[in-house]
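**Q** Just a sequence and a predicted model for now, questions to come.
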Amino acid sequence: MQREVGSFPLAPSVRVRLIAAGFHTLQDVVAVKVSELATEAGISEDSAAKVLQILKREHEGDISTILKHTALELLEQEQAHTPIITFCSALDGILGGGVPLTKVTEICGPPGIGKTQLCMQLAVDVQIPECFGGVNGETVYIDTENSFIVERLVDIANACILHCSFITQAHQQDDQKIAMQRFTLHNILSHIYYFNCQNYAELIAQILVLPDLIAQHSKVVLTNQMTTRIGSSESLLVPALGESWGHAATNRIILHWERLQRFAALYKTPNQKDITVPFQITHKGFRDVQAVEHETSSPESEVNPRKRPREHDKEYQL
């Protein structure tokens, strides 16, 4: 499969011109001369020469990287990644500890079910320091529906900070005390990079520069609205982007209603069973259905659910 031109570290303006001129893959570009590339893409010959140099260098680097990895090394790399918790232990449990890194996790469901709430929860949780079992990451948040509410994000962030502060008080570990000096509301909000796309053109432009963002901020979660598929005998709620997009995601989580209860169904996954678990949205964020008001009352465990027994513990208790 040919690597797309949009995935290479090129200037956004040059990348747009190349794609508009019909140069979509690496093979499309390297097959032409510098002068031909410059004329057809409407760029200078210096820029065309740099494009060819970058694409060839990156392609050679890709090949050498692929060749030097063994299956064992890939397995060890995957197992070394700590997942991102959701603070809903039931959902984390069926995901094998949380939302996995280095994979695409699709979250879809009808309007108002909690997709945005879960995404904002993950935007905060990905920043939990490693000494608390987190991944100490950052977030790129692309909003196409104007559904991002900063005030709600503040509530979720403050609840997460309080969660970690109680752990620190209980354990009195120096690394956690130091981490809490940086794990503040100001720093959490400062490491969520928000982009609002009002129309199709803005979304495409953002997608074109996304590879450069991903190179610096590699944790991205995608959501997908549900639409109604009209059939001959019945109408069904289905993911709006269709079946072809469904194959691009490693995990697909479908959020849905059953009467007045919210549920999360693990619909597609390579190594877990398909299963459905309940969840609720509280003022603190995405949580288990059980009463969660006690989650800061008895500090005794880590944030990362993989470090705790799963069979007897149905909610996050500190």
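**A** In hand now; what should we look at?
**Q** all strands of the stretch 101-250 of the chain, in order?
**A** Here the stretch 101-250 of the chain has its strands, by DSSP state E, counting those that start in this stretch, at 105-109, 139-143, 192-196, 222-230, 235-239.
**Q** Averaging pLDDT over each of those strands, report the lowest-scoring one.
**A** Mean pLDDT values for the strands of the stretch 101-250 of the chain show the minimum at strand 222-230, a mean of 40.
**Q** any weak-confidence spans in the stretch 151-300 of the chain?
**A** 213-219, 221-249, 270-271, 291-300 (pLDDT under 70).
**Q** Let's see that with 50 instead.
**A** Applying pLDDT under 50 to the stretch 151-300 of the chain flags the ranges 221-242, 244-246, 291-300.
**Q** all helices for it, in order.
**A** For the stretch 151-300 of the chain, the helices defined by DSSP state H, counting those that start in this stretch cover 174-182, 185-190, 200-216, 242-246.
**Q** mind putting those helices in CSV, mean neighbour count and distance to F87 included?
**A** Every residue, glycine included, has its C-beta placed from N, CA and C. Below are the helices of the stretch 151-300 of the chain laid out as CSV (neighbours: other CB atoms under 10 Å; distance: least, CB to CB, whole Å):
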stretch, mean neighbour count, distance to F87
helix 174-182, 14, 18
helix 185-190, 14, 14
helix 200-216, 13, 25
helix 242-246, 12, 26
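**Q** Nearest to V154 among those would be which one?
**A** V154 sits nearest to helix 185-190 of all the helices of the stretch 151-300 of the chain, at 6.6 Å, using CB to CB.
**Q** helices and strands around the closest one, which ones?
**A** If contacts are counted by 3 or more CB pairs under 8 Å, 6 or more residues apart in numbering; DSSP states H and E, helix 185-190 sits against helix 150-171.
**Q** ok and the helix it packs on relative to strand 192-196, angle-wise?
**A** 170 degrees (axes from the mean of the first three to the mean of the last three CA atoms, to 10 degrees).
**Q** Can you point out the buried residues in helix 150-171?
**A** Using 16 or more other CB atoms under 10 Å as the test for burial, helix 150-171 gives 152-153, 155-161, 163-168, 171.
**Q** which strands and helices sit next to it?
**A** On a contact count with 3+ CB pairs under 8 Å, 6+ apart, helix 150-171 meets helix 115-125, helix 174-182, helix 185-190, strand 285-287.
**Q** Tabulate these in JSON lines, adding columns for distance to N136.
**A** Formatted as JSON lines, the helices and strands packed on helix 150-171 follow (distance: least, CB to CB, whole Å):
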{"stretch": "helix 115-125", "distance to N136": "11"}
{"stretch": "helix 174-182", "distance to N136": "9"}
{"stretch": "helix 185-190", "distance to N136": "11"}
{"stretch": "strand 285-287", "distance to N136": "19"}
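**Q** can you tell which of the ones you listed is closest to Y141?
**A** The closest of those to Y141 is helix 115-125. By CB to CB, the value is 5.7 Å.
**Q** Next, the angle strand 139-143 makes with that closest one.
**A** Going by the same axes, to 10 degrees, helix 115-125 makes 160 degrees with strand 139-143.
**Q** Centre of the chain to helix 115-125, how far?
**A** 9 Å (CA atoms, centre = their mean, to the nearest Å).
**Q** for stretch 111-125, same thing?
**A** On the basis of CA atoms, centre = their mean, stretch 111-125 sits 11 Å off its chain's mean C-alpha point.
**Q** what about that stretch, average pLDDT?
**A** 92.
**Q** Can you give me the distance of the residue lying closest to I207 once chain neighbours are set aside to F23?
**A** What sits nearest to I207 in space, not counting adjacent residues and going by CB to CB, 6 or more residues apart in numbering, is G6, at 7.4 Å. Using CB to CB, to the nearest Å, we find G6 at a distance of 10 Å from F23.
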